[in-house]
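# I would like the atomic coordinates for the input below:
(one chain, ligands or ions: 2)
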Amino acid sequence: MKKLKGTGASIGVAYAKAYILKTPEFNTSKKKITNVKSEVSKFENALSKTVSQLEKIKSIAAKKLGAEKAEIFDAHIQIATDPEIKNEVQQTIQEQKVCAEHVVASVFDKYHDTFAAMEDAYFKERAADVIDVKNRVLSNVLDVELPDILSIDKEVIIVAHDLTPSETALLNKQYVKGFITDIGGRTSHAAIMARTMEIPAVLGLKTVSETIKNGSYIAIDGKTGEVEIDPSNKKEWQERISKFQKNQIELKKYINLKTKTKDGKTVLLESNVGNPEDAKQALKYGSEGIGLFRSEFLYMGNDHWPTEDEQFEAYKEVLSTCKNQLVVIRTLDIGGDKKLSYFEFPQEMNPFLGYRAIRLCLDKPKIFKTQLRALGRASVYGKLAIMFPMIATIDEFKKAKQMALNCFKQLKKEGHKVSDDIQLGMMVEVPSAAILADQFAIHSDFFSIGTNDLNQYTFACDRMSKEVSYLYQPNNPSLLRLVASTINGGHSQKRWVGMCGEMAGDILSVPLLLGLGLDAFSMSATSIPQARKIINNLSSAECSKLAQKVLNLQTIDEVNKLVTKFLQSKKLL
Ligand code: PEP
Ligand code: MG
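Numbers count the residues shown, from 1 in each chain. Ligands and ions are numbered 1, 2, ... in the order given. Here you go, the predicted model:
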């Protein structure tokens, strides 16, 4: 038996035989050719075969995963039909008179390296798409078959160096009980798709694809990231699987219930989304509104600043999808780790403390106004709330609010309809705002606490750094006091206070947040049933007593111990 630990990327427990998925080794060594014309046409035929294969995979993926997720294959088709890549390969074959497979490998590798060297996580991960397309083109040039995932007809856990998006999309849930890989993290395509398909996955296991033998038994836990090879305690794993499955079935009961504590207090469980399609998915998990629409994804997925009309369409779609629910759209939160391919950020020593989010928007009124106008026009399609990210001072908030009001006035002058009920609020993710929340509340219609950044700024720890990740301590009493200050500050002016940082969906935080008086919890939609189960089985009075007690503790361990005991006593853990 051998134990490993990776990144838990998609929850679920599985025990099955390993199926090693290996892309064949292509022989791409440099060979001189004499018939240039036939070599070029060999490449062209392989490329068009690749495009039609990708079209087919895209339509299978659209049926299995929905149109939005299948869009990944548009990126692949784009790479396969990119005239620059095609020309470069054709020309090199002609000029150097070498075999197509060698040229394909070197040209695609060059593009891969360019993406891989980019700092932005999103673009970095596009490098995998280039390799995916390269392998497909090579398999067609060399007439070597790629592994046929569709032919798997026994229960397995797939083991691979990396799973490409096209491979992930073809997995059949009936037989593929989970997968593990050497590389990748929570934001890689494979991880995102695994979560959508609800297949357990553990990624980033370094060399697992080389060390596990085909057919040996493995057990994985996609939540904790645990992996066991040839486990000696099969029974224990089977118990874990049945406990997980039982829990999943039980949680389904909570999808259609209202969120209400045992003593009758109602709160909202909402979802964090990155696009309108996610909002549709969220409804399936019993989401009661959108607590955070991260509008920056509209900007990051583009090669230009999205126009007013482009943004209007996206906002209109999400508002229409959630017609009777509040939709909180956050204005552009770019900078820090989120970069744009078409905008050069200043070189700064500390980008997370620098030119980002509302700071950039106030400095670039044209960009900001385009977004505010799109939001104003979309507001008539549902219940809209707009929130400004990274607000540190009351002046910043007042400026942003005034710009929004001016835009709405101008739109009306131009004959557009704009709702009169748009709420204008702010994220509380900078300690200065949490401390002065009672004063901010005079101006802001609501607060949404962003604990991902609030934690980063409170503990002075870069949220991207592995070395200081031990300082991610949402349940530390110091952070809880800032949360309490924000909630009390908001309530002093009768404002509602929500939370959209990861903490809102954390089982060990939910009772405390409920006890501190949080009104709305926004999280990844798949966490909603679990959070509802907890809230509906607790009384807010009891939680309030617990919360007051932990505010006077000293460490996160003390807090977690107390909450664990509390939840265990209610049979909720
Ligand atoms: C946060 O900071 O908690 C938050 C929700 O925003 P983001 O993670 O997008 O910075
Ligand atoms: Mg943030």
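# longest helix of the protein?
helix 36-65 (DSSP state H).
# From the chain's centroid, how far away is it?
Centroid separation for helix 36-65 versus its chain: 29 Å, with Cα atoms, centre = their mean, to the nearest Å.
# what does stretch 317-326 give?
For stretch 317-326, the distance to the chain centre is 21 Å (Cα atoms, centre = their mean).
# average pLDDT for that stretch?
Mean pLDDT, stretch 317-326: 96.
# Kindly export that stretch (C-alpha atoms) in PDB.
Extracted C-alpha coordinates of stretch 317-326, given in PDB (Å, rounded to 0.1, in the frame of the first residue of the first chain):
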ATOM      1  CA  GLU A 317     -28.900  37.000 -19.900                       C
ATOM      2  CA  VAL A 318     -28.000  36.500 -16.300                       C
ATOM      3  CA  LEU A 319     -30.700  38.900 -15.100                       C
ATOM      4  CA  SER A 320     -33.300  37.200 -17.200                       C
ATOM      5  CA  THR A 321     -32.200  33.700 -16.100                       C
ATOM      6  CA  CYS A 322     -32.700  34.700 -12.400                       C
ATOM      7  CA  LYS A 323     -35.700  36.900 -13.000                       C
ATOM      8  CA  ASN A 324     -37.100  37.000  -9.500                       C
ATOM      9  CA  GLN A 325     -33.900  36.800  -7.600                       C
ATOM     10  CA  LEU A 326     -31.300  39.500  -6.800                       C
END
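# and that stretch, which residues are buried?
The neighbour-count check on stretch 317-326 (16 or more other Cβ atoms under 10 Å) flags Glu317, Val318, Leu319, Thr321, Cys322, Gln325, Leu326 as buried. The C-beta positions use only the backbone N, C-alpha and C, and glycine is treated the same way.
# Tell me the one of those residues nearest Ala378?
Leu319 (5.7 Å; Cβ to Cβ).
# Wait, the closest one touches Ala385, no?
No. Counting by Cβ atoms under 8 Å, Leu319 sits too far from Ala385 to count as a contact (10.6 Å).
# where do the contact lists of these two overlap?
Val327 (Cβ atoms under 8 Å, 6 or more residues apart in numbering).
# For the stretch 401-550 of the chain, what lies in contact range of ligand 2?
Contacts of the stretch 401-550 of the chain with ligand 2, taken as Cβ under 5 Å from the ion, map to Glu429, Gly450, Asp453.
# Contact partners for the last one?
When the contact criterion is Cβ under 8 Å, 6+ apart, the partners of Asp453 are Met390, Met427, Glu429, Val430, Arg463, Gly501.
# out of those residues, what pair is the most spread apart?
Met427 and Arg463 (14.7 Å).
# mind listing what whatever helix or strand Ile158 lives in pairs with, with the direction of each?
Here Ile158 sits within strand 156-160, counting by DSSP states H and E. Strand 156-160 has its sheet partners listed here by DSSP bridges as strand 13-21 (parallel), strand 176-181 (parallel).
# Now do the same for it: mean pLDDT, whole number.
Mean predicted confidence for strand 156-160 is 96.
# same deal with stretch 170-185?
90.
# follow-up on the earlier one: columns distance to Ile394 and secondary structure on top of the buried residues of stretch 317-326, output as a markdown table?
Below are those laid out as a markdown table (distance: Cβ to Cβ, whole Å; DSSP: H, G, I helix; E, B strand; the rest coil):
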| residue | distance to Ile394 | secondary structure |
| --- | --- | --- |
| Glu317 | 34 | helix |
| Val318 | 29 | helix |
| Leu319 | 29 | helix |
| Thr321 | 34 | helix |
| Cys322 | 31 | coil |
| Gln325 | 30 | coil |
| Leu326 | 24 | strand |
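# What residues are bridge-paired with the residue nearest to Glu155 when sequence neighbours are not counted?
Spatial nearest neighbour of Glu155, excluding adjacent residues (Cβ to Cβ, 6 or more residues apart in numbering): Ala16 at 4.6 Å. Ala16 forms beta bridges with Ile218, as assigned by DSSP bridges.
# how many neighbours does Ala16 have?
18 (other Cβ atoms under 10 Å).
# Now do the contacts for it.
Glu155, Val156, Ile157, Lys177, Gly178, Tyr217, Ile218.
# unless I'm mixing things up, Met197 is touching Leu171, no?
Yes. Counting by Cβ under 8 Å, Met197 touches Leu171, with 6.9 Å between them.
# between the two, who's got more neighbours?
Leu171 (22 against 18).
# For the closest residue to Ile152 other than its chain neighbours, give me phi and psi.
Nearest residue to Ile152 in three dimensions, chain neighbours excluded: Tyr175, at 5.0 Å (Cβ to Cβ, 6+ apart). When read as degrees, to the nearest 10, the backbone of Tyr175 gives phi -110, psi -30.
# Now do the contacts for Tyr175.
Going by Cβ under 8 Å, 6+ apart, the list of residues near Tyr175 reads Ile152, Asp153, Lys154, Glu155, Val156.
# can you do 10 Å?
Ala16, Tyr19, Ile149, Ser151, Ile152, Asp153, Lys154, Glu155, Val156, Ile158 (Cβ atoms under 10 Å, 6 or more residues apart in numbering).
# So which of those wins on neighbours?
Neighbour-wise, the contacts of Tyr175 (other Cβ under 10 Å) top out at Ile158, 26 neighbours.
# Just want to check the distance between the closest residue to it other than its chain neighbours and Asn172.
Using Cβ to Cβ, 6+ apart and skipping the chain neighbours, the partner closest in space to Ile158 is Phe179 (4.0 Å). Distance of Phe179 to Asn172, given as Cβ to Cβ, to the nearest Å: 12 Å.
# Let me see the backbone angles for the closest residue to Lys338 other than its chain neighbours.
Residue nearest to Lys338 in three dimensions, not counting chain neighbours: Glu296, with 5.7 Å by Cβ to Cβ, 6+ apart. Main-chain torsions, Glu296, degrees, to the nearest 10: phi -60, psi -20.
# Following the helix or strand bottoming out on mean pLDDT in the chain in sequence, what is the next regular element?
Ranking every helix and strand in the chain by mean pLDDT, DSSP states H and E puts helix 67-70 at the bottom, with a mean of 70. Next in sequence after helix 67-70, counting helices and strands by DSSP H and E, comes helix 72-80.
# Contacts for that next one next, please.
Against helix 72-80 from outside (Cβ under 10 Å, 6+ apart): 47-62, 65, 85-86, 108, 111, 126, 129-130, 132-134, 136-137, 164-166, 168-169, 189, 192-193, 301.
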